[in-house]
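S.K.: predicted model and sequence follow; I will ask about them next.
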Amino acid sequence: MIFTNIRGHFGRFLRDETGLAAVEYAVMAVIVVGVIVAARVPLQSAVDTAFGDVKAAVEAITP
């Protein structure tokens with residue numbers, strides 16, 4: 001009796017797909033954050049270089 005009841009609950013648990021979307025969104029959020037963290041250093045270097053070039057150009061034309 002108890003085993004049958006547990007088996008029924010376990011079967012319903014495996015078939016139940018509610019809440020699955022929340023897990024999928026969490027996985028996507030983790031991937032997006034990972035990409036942002038991984039791209040931070042190269043983007044920071046590129047932005048620093050671009051602003052340095054602009055600063056040098058502005059300093060070259062100002063009297």
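M.R.: That came in fine, so what should we check first?
S.K.: which of the three states applies to residue 52?
M.R.: Under DSSP: H, G, I helix; E, B strand; the rest coil, residue 52 falls in the helix class.
S.K.: OK, contacts around it?
M.R.: Contacts for residue 52 (Cβ atoms under 8 Å, 6 or more residues apart in numbering) come out as none. Heads up, the C-betas are built off the backbone N, CA and C, glycines and all.
S.K.: pLDDT at it, what is it?
M.R.: Looking at residue 52, its pLDDT stands at 95.
S.K.: please tell me how far it sits from residue 45.
M.R.: 10 Å (Cβ to Cβ, to the nearest Å).
S.K.: just how off-centre is the helix or strand hosting residue 5 within its chain?
M.R.: Applying DSSP states H and E as the criterion places residue 5 in helix 2-15. Put simply, helix 2-15 sits 35 Å off its chain's centre (Cα atoms, centre = their mean, to the nearest Å).
S.K.: and that helix, what other elements does it pack with?
M.R.: Of the remaining helices and strands, none touches helix 2-15 by 3 or more Cβ pairs under 8 Å, 6 or more residues apart in numbering; DSSP states H and E.
S.K.: what residues of that helix count as buried?
M.R.: Going by neighbour count (16 or more other Cβ atoms under 10 Å), nothing in helix 2-15 comes out as buried.
S.K.: now that helix: average pLDDT?
M.R.: 76.
S.K.: now that helix - C-alpha only, CSV.
M.R.: Below are the C-alpha coordinates for helix 2-15, written out as CSV (Å, rounded to 0.1, in the frame of the first residue of the first chain):
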residue,chain,number,x,y,z
ILE,A,2,2.7,2.5,1.0
PHE,A,3,4.9,1.5,-1.9
THR,A,4,2.1,2.0,-4.4
ASN,A,5,1.3,5.4,-3.0
ILE,A,6,5.0,6.5,-3.2
ARG,A,7,5.2,5.1,-6.7
GLY,A,8,2.2,7.1,-7.7
HIS,A,9,3.5,10.3,-6.2
PHE,A,10,6.9,9.7,-7.9
GLY,A,11,5.3,9.1,-11.3
ARG,A,12,3.3,12.3,-11.0
PHE,A,13,6.4,14.1,-10.0
LEU,A,14,8.2,12.9,-13.2
ARG,A,15,5.3,13.9,-15.4
